[in-house]
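# Please find the sequence and the predicted model below.
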Amino acid sequence: MSKPRPKRFWADLKDLVRLWPFLKAHKKTLILSSCLIPVISVLQMSVPFILKRTIDQGVLKGDFHVLTLGALAYLIVVIVEYCVRAVQTVLTSRAVFQMIRDMRMSLIDHIMRLSARYHDKNLSGALVTRATSDFDNLSESLNQGVLSSVVDLAVLTGAVVGLFLLDWHLALITLCVLPFVLLTINLFSKALKQSMLLARVKIAALNAYTQECLYGVNTVKVLSGHKDSEQKFDKLTLEYRDAQMKSVVADAVLFSLLDGIASITIGLVLWFTVRPSAETFLSAGIMIAFVQYVQNLFDPLKQLANKIAMLQGAFTAIDRVFSIFDTHEFIGGDGPAEILMGKVEFVDVSFAYNPPTPTLQNLNFAIPSGDSLALVGTTGSGKSTIIKLLSKLYTGYEGEILIDDQPLNAMDGVALRRKIAIVPQDIVIFKGSVSFNIGLGEPEITQAMIEEAAKYVEADRFIQKLPGAYNYQLREGGDDISVGQRQLIAFARAIARNPKIIILDEATSSVDPASDAIIQKAIEKLFTGRTLIVIAHRLSTIRRCDSIAVLEKGRILETGAHDELIRKQGKYYSLHEKLLHDDPDALA
Amino acid sequence: MSQTGMRRFAKLFVFELWPWYLGGAACLAVTNMISLEIPQLAKSIVNHLHEGLTTADGDQLPKLALAIMGLGLAQIFVRSSSRILIFWPGRKLEASSKSYIFRRVMRLPQYFFDRFGMGDLISRFSNDLGQLRIFFAFGVLQILNLIFISAFTLYQMLKVHKYLTLSALAPIILMLIITRIIMPRMQAFTRKNQEAVGLLTNRVTETFTNIHVIQTNASERSFLKLIAEENEKVYATDMKVLLLRTLFFPLMTALTGLSQLIVLFYGGYLVTQGLISIGDILAFNIYLSYLAFPLTSIGIIIAVYQRSKTALERIEPFFTSDLEHARQDSAGALASSALQVEIKNLSFTYPGTEHSVLNEFNLSIHVGEMLGVCGAVGSGKSTLFSILTRLYDPPAGTVFLDGKDILTEDPQDLRDKIAYALQKVHLFSATLKENLSFGLKATPSPEALTAAARSAQILKEIEGFPEQWETQIGEKGLRLSGGQKQRLALARVFMRRPKLLLLDDVLSAVDNLTEARLIQEFRRLNCTMIINSHRGSVLDLCDRVLYLKDGRIFDQGPFPELIGRHPELQEEIHEQAAPETILG
C-alpha cells in the first residue's frame, strides 16, 4: 500500500518519463501532434497584433478597408486554430488511449505473474483498483489535464513572446508577476498532492470493505450485522470525505489566487502607463491589445490551475501503478518443464514463511513415477506447504526439489503448472460456461478433451441434465450448482489437462456422499498411470496409497506403506489406532 | 424516469445542504460584480488616454488603476469562499448518499444480487455516485457562474449598444443549437463507455479474487485474453466519446473567437461612426472573455449532467428495488424459547429460473425437535434453509413459525430468532474478536467469547495464536483452514440465543468426536434444530430424519428405520460410525 508521501516536481516528471516505453509505439503520431502545438502558439500570438493594427490604423483613422482586412485575418485565424486544435487533440488522445489499453494489460499480466506470497499480503480489491479506476483516472488526467496543459503552455509561450514584441516595457512589468504565480502553483500543488494521496489510501480501504460486505451479504443478514457493518462503512466514508475536503480548499484557493493575480496584473499595466511620472502615453490600440494579451497569458494559467488536480491525479495514478510494476516478487526459472515420467524428489528441503520459524525442516522423500503418496498430519504440520513448493507457487526453500531428476528451480512456473494438476481445498467456479470452467479457456484443451474428462469423473451425468449441457452458463461462485457438483467440475478441470502428476488437497472433505462415491471411483482411476500426492483425510485413501508420510511440525516422522507402518507400531500406528477409536486429539 | 430519479436524489441528499449553496451563491455573485467593475475602470482609462488628458485626469487615472488592483485582491478571498462553499456540499452529499445506499444494499433480497454481478454492483456503487457529486458541486458552480456572468455582462453590454450585443452573441445561439444535436449522441456513447468499464471491472475483480486458482491451474493466458476483450471494448468506446468531444469543445473556443471578431468589425465600424467609444471595444472584449469560460463550460455542464443522468439510471435499482420487509403488520413477539415450524404445500422456483426446487412440500416440526435432512445433491436441502430465513421469499401462506406466516414478519426480526450456519463460510478481514461479535447488540464480554469458542471447539486453537483474540484473519491476515473457518462460524451461533437452529452441512470438515461434542453443545441451546447432513452418525442422533428427493419428502422417520427401508440411501451417506475423517 502506498502511504501519502509528497514528492518533488522533478520526481513527478521522471514518473511521466516512465510512460515512454508504452508510448513509443505511437512515436510518429506524437511527433506530428507536437508539431501542431507551435502552430497554435503562433496563431494565438497573432491575434493581439491584428487587434492593434485594426484599431489604430482602421478604427481610429476611420479606414474601412483596414478594418475589413483585419476582420478577415481574424476569421482565418479562428478557423485554422479550430482545425489544428481538433486534429492535435484527436492524435494525442488516441495515442494516450492506446497507451492506457496496453499498459493496463501489461499491469494485469504483471499482477497475475506475481508470486502467491505477494497475493497473500495484498488485498485483491486494492489490486483491482490499480488495474481499473487508477487507469481511468490516468487516462482522464492525461487527456483532460496533461495534454491540454501542453497546449495551454504553448498558448502561454505565444502570449509572452507577443507581449515583448508589442511593448517590452509593459511585458517586463507583466512578467514580474510570473514568479509569484509559479511559486503559488508550486506551493499549492504540493499541498494538493498530499491530500490527494491520503484520499486515495482512504478510498482504497473503503472500496475493499464495500467489496467484503457485498460478497458476504448473506452472512451480514443472517447474523443481523447491519449495524456493525454500517458503522464501519460510515467511518471509512467520512474519513475519505474529510481527506477530500482538504484538497477542495487547496484547489479553491489556488484557482482564486490566479484569477485575482490576473486582475492585479491588468491594474498594474494600466497604472504603469498612466502613472504620474510616465513620460509618453501609449496608443489605445496597444492598450487594448495588451489587455487582450494579459487575458491570453492568464487564461491558460487558470486552466493549468484548474488542471493541477487532474495533473496530480495522473501523478498519483502513475505512482501507484508503477509501484506494482516495480514489484518483482516473481518466482524465478524459465527453463522448460518437460515432465515425462512424473518422478518427484525432495532432497533436504527446508522452508520458512516467516523466518526464523521453520515451516519445513530437512525434508527428504522420493516418489517414483506412477506411485502415490499420502501426506498425513495436523494443520500446520507442513502438508500444504509441500504442495505449494512443488507447484512452484512459493519459492525460497533450501535444499533441492527434483521432478524427473530436473531441478524445480530452473523450470518456468507456469509451464510446470500446465503439466501438473492441483485440486485445491476451496473450489472456485467462474462466471462462464461449464466447458470454460473445466478447460479454463486454455486453447490446447479441446471440447472433446473437456467432455472426456467430465465423463471420466462422472460429472457428465449432471452436466447433461443442465439446460444447454456444456454451454450452461454458471454463475460467479457457482451458487447455481451444488458443492458436490462444483467438486466434480474441479476434478474434471484437473484431469482435462492429462497431467503426469496430480495433487489432491483435502478434496474429499466437503463432498456429499453421492458425489463422494463417484469421486472415490475417479480417484481409483487416478491411481493408475499418474504420480499422485494426496493430503488425505480418509483412512481408505491413505491405505490405498503406495506410501505414507507422517508429518509433524515440518518434519517427516516416518514413511512407508500402510502395513509396514502399522507393523512398526510408531506414530502412524498410534494415530491410526486413535482415529479408529474416534479421538481427534491424536492429531492435535 | 431519470427526471424523478434526479428529484429523489436531490430531495434525499441535496436540499438539506441549502445554507452552503446559498452562501456559495452569494459569494459567487460578489465575485462576478467585482470582475465586471474591472473592465469599466479599464475602459475609462483607455478612453481618457485616447481623448487626451487634462491635469485633473492625470491625478485620477493612477487611482483608477490602483482600484483595479484592490478589486483583484478582493476577488481572491471571495472567489475562494465561493468555491469552498459549493464544493464541500458535493463531498458531503457523496458521503451521505453512499451511506444511505449501503444501508439499502445490505437489506436487498438475494435475487437482487443474483441479477447483477458483484463487480458490476460495486462499480455502480463506487463510481456512479462520484458522477453525481461532480454534478452537484462542479456542475452547480458552473451553472450559477453562468447565470451571474451572463446576467451582469448582458446588462452592461446592452447598455452600450443593443445591436452590437446581439450580433456578438449570435455565435452563442449557434453553439446552443450544435449542443442540442451532439449531446444526445455523446450521452449514448458515454453510457456505452461506462458499461464497458463496468464489465471490465467485473472481469478483473473475478480474476484477481481468484488469482490463486488461476495460478495453480496455469491459466493466466486465457484469463488475460478475457480481460483483453473487455479492455478492447473500453478502448473502442473511449475513442468514440473522444471524437465527439474533440469536435465539440474546441468549437466553443472558436465560437468565442467569432464573437470577438464581430465586436472588432461591427464595433470598429460603430466607433468610426462615433456611436460608441474606443473604450467600449476594450470593455466588450473583456466581457466576452469573461463570458467565454462559462460558455465553454455549457458543454462541460451538459456532459456532466448527462453522465450524472446515466449514473442515476445505473443506481436506480438501489433506490427502487423493494427491500426485505414484512408483508403485513407483524403481530406480537413470540414468547417460547423454541420455535414450531409448519410448511404447507410449498412449491418454490428460484427467481429467473424455471426448474422448481421444492414441490408441494409439507412439513411440521414440533417445538424443540431435532430434525435431520438428507438427500442427493439438488434435492432442495439448502433451499429450505434459504426460505426459512427469507433470503428468498416463499409464496404467501406456505411457511409458518409458531403459527405465523413468516412473510408477515420483518426479515431482520425473523433472523434474530434463527441462527443459520451457512454452508459457505464468510469471515471478514478483521480480528477474531470482531468476527465473533459481528452483529451482536452489545459488545460481548471476554467470558462470553471464550464460552462460545469453547462450545464451538475452537478455543484451544485461538488461545494458541500469538495474538489470540486480536489475531487478524482474512486476506491480509492469518489464513485459516477450512475446518477452523467452519468452527469459527459456529462460534457465532453460540454467541446467540436462537429459537431455531439451521445447520447446513457445517460439520463436513470436523472429525467424529468434535462432531459429537458440537451436537451436544447444540442440544444445550434448547431450540428447534434442523440439520442438513450426510453423516450417519449425525442423522442417528436426530429425532426424525427427512429423506428428500426432487424437492419432495420421499420418506421420513428415525434414521435406522429409514436406511432399512431405503438401501439406496447408503450411497448418500458416509458409512455409519466409521471414523474416517481426520481434522484438517
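Great, that's in hand. Numbering: from 1, shown residues only, chains lettered A, B, ... in the order given.

# Okay, and residue 218 sits in which element?
No chain specified, so I'll use chain A. helix A:217-222 (DSSP states H and E).

# Which strands and helices lie in contact with that helix?
Under the contact criterion of 3 or more CB pairs under 8 Å, 6 or more residues apart in numbering or on different chains; DSSP states H and E, helix A:217-222 touches helix B:110-115, helix B:411-417. No exception for glycine: its C-beta is placed from N, CA and C like everyone else's.

# Let's have those in TSV, adding mean neighbour count, distance to chain A and mean pLDDT.
TSV is the format used below for these (neighbours: other CB atoms under 10 Å in any protein chain shown; distance: least, CB to the nearest CB, whole Å; pLDDT from 0 to 100):
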stretch	mean neighbour count	distance to chain A	mean pLDDT
helix B:110-115	17	6	77
helix B:411-417	19	5	79
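
# Redo the ones you listed as a markdown table? Include distance to B:Ser35.
As requested, those are arranged in a markdown table below (distance: least, CB to CB, whole Å):
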| stretch | distance to B:Ser35 |
| --- | --- |
| helix B:110-115 | 50 |
| helix B:411-417 | 56 |
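
# could you say which helix or strand contains the closest residue to chain B within the stretch 301-450 of chain A?
Closest residue of the stretch 301-450 of chain A to chain B, CB to the nearest CB: A:Gly441 (2.9 Å). According to DSSP H and E, A:Gly441 maps onto no helix or strand at all.

# From B:Lys225, how far off is it?
7 Å (CB to CB, to the nearest Å).

# which one of the two has more residues nearby?
A:Gly441 (18 against 12; other CB atoms under 10 Å in any protein chain shown).

# Next up, the contacts around that one.
B:Ser219, B:Arg221, B:Ser222, B:Phe223, B:Lys225, B:Leu226 (CB atoms under 8 Å, 6 or more residues apart in numbering or on different chains).

# The same query, at a cut-off of 7 Å, please.
B:Ser219, B:Ser222, B:Lys225, B:Leu226 (CB atoms under 7 Å, 6 or more residues apart in numbering or on different chains).

# And B:Thr205, by the same measure?
A:Val128, B:Gly119.

# tell me which element it falls in.
helix B:162-209.

# so how far is that helix off the chain centroid?
Centroid separation between helix B:162-209 and its chain, computed with CA atoms, centre = their mean, to the nearest Å, is 24 Å.

# Report the rounded mean pLDDT for it.
Mean per-residue pLDDT for helix B:162-209: 84.

# How about stretch B:279-290?
Stretch B:279-290 carries an average pLDDT of 78.

# can you list contacts of it?
Stretch B:279-290 has contacts (CB under 7 Å, 6+ apart) with A:55, A:288, A:291-292, A:295, B:35, B:39-40, B:42-44, B:46-47, B:149, B:153, B:156-157, B:160, B:168, B:256, B:259-260, B:263, B:267-268, B:271.

# Repeat that for stretch B:418-431.
So stretch B:418-431 is in contact with A:212, A:216, A:218-219, A:222, A:483, B:382, B:385, B:388-389, B:434-435, B:438, B:469-477, B:485-486, B:488-490, B:493, B:496, B:498, B:500-506, going by CB under 7 Å, 6+ apart.

# just to revisit the earlier point, and the next element down the chain from the helix holding B:Thr205?
Using DSSP H and E, the first helix or strand after helix B:162-209 is helix B:211-216.

# right, quick check: that following helix against chain A, any contact?
Yes - using CB under 7 Å from any CB of the partner chain, helix B:211-216 reaches chain A at B:Ile211, B:His212, B:Val213, B:Ile214, B:Gln215, B:Thr216.

# Now those residues in JSON lines, please, with extra columns for neighbour count.
Output for those, formatted as JSON lines (neighbours: other CB atoms under 10 Å in any protein chain shown):
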{"residue": "B:Ile211", "neighbour count": "20"}
{"residue": "B:His212", "neighbour count": "17"}
{"residue": "B:Val213", "neighbour count": "21"}
{"residue": "B:Ile214", "neighbour count": "22"}
{"residue": "B:Gln215", "neighbour count": "24"}
{"residue": "B:Thr216", "neighbour count": "24"}
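
# who's in contact with B:Ile343?
With CB under 7 Å, 6+ apart, B:Ile343 has these contacts: B:Phe361, B:Asn362, B:Leu363, B:Thr398, B:Val399.

# Which ones among those map onto strands?
Judged by DSSP state E, the contacts of B:Ile343 include B:Phe361, B:Asn362, B:Leu363, B:Val399 as members of strands.

# So for chain B, the centremost residue is which one?
Centroid-nearest residue in chain B, with CA atoms, centre = their mean: B:Phe125, separated by 2.4 Å.

# Burial check on B:Gln556, number of neighbours?
Neighbours of B:Gln556 using other CB under 10 Å come to 16.

# domains of chain B?
What automatic domain parsing lists as the domains of chain B is B:2-320, B:341-426+B:497-572.

# comparing those, which gets the lowest mean pLDDT score?
Across the domains of chain B, domain B:341-426+B:497-572 gives the lowest mean pLDDT, at a mean of 78.

# Would you map out the domains in chain A?
Using automatic domain parsing, chain A is parsed into the domains A:14-325, A:344-587.

# Spell out which parts of the stretch 301-450 of chain A neighbour chain B.
A:379, A:391, A:393, A:414, A:417-418, A:422, A:424-425, A:428, A:430-431, A:440-442.

# hmm, which two among the residues you listed are most spread apart?
A:Thr379 and A:Gly441 (33.6 Å; CB to CB).

# what's the closest non-adjacent residue to residue 490?
This is for chain A. A:Ile427 (4.5 Å; CB to CB, 6 or more residues apart in numbering or on different chains).

# Let me rephrase: I mean chain B.
B:Ala456 (4.3 Å).

# And for B:Ile531?
B:Leu503 (4.7 Å).

# which ones are touching the nearest residue in space to B:Leu282 that is not next to it in sequence?
Distances taken as CB to CB, 6+ apart place A:Ile288 nearest to B:Leu282, at 4.8 Å, with adjacent residues excluded. Going by CB under 7 Å, 6+ apart, A:Ile288 touches A:Leu51, A:Ile55, B:Val46, B:Ile281, B:Leu282, B:Asn285.

# between the residues of the stretch 301-450 of chain A next to chain B, which is closest to A:Thr157?
Out of those, the member with the shortest distance to A:Thr157 (by CB to CB) is A:Val414, at 50.9 Å.

# The ones in strands among the contacts of B:Ile343, buried ones only, as a PyMOL selection?
Buried subset of the ones in strands among the contacts of B:Ile343, written as a PyMOL selection, criterion 16 or more other CB atoms under 10 Å in any protein chain shown:
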select buried, chain B and resi 361+363+399
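
# Residue in the stretch 351-500 of chain B with the shortest distance to chain A?
B:Gly439 (3.3 Å).

# what secondary structure does that residue sit in?
Classification of B:Gly439 by DSSP: H, G, I helix; E, B strand; the rest coil places it in coil.
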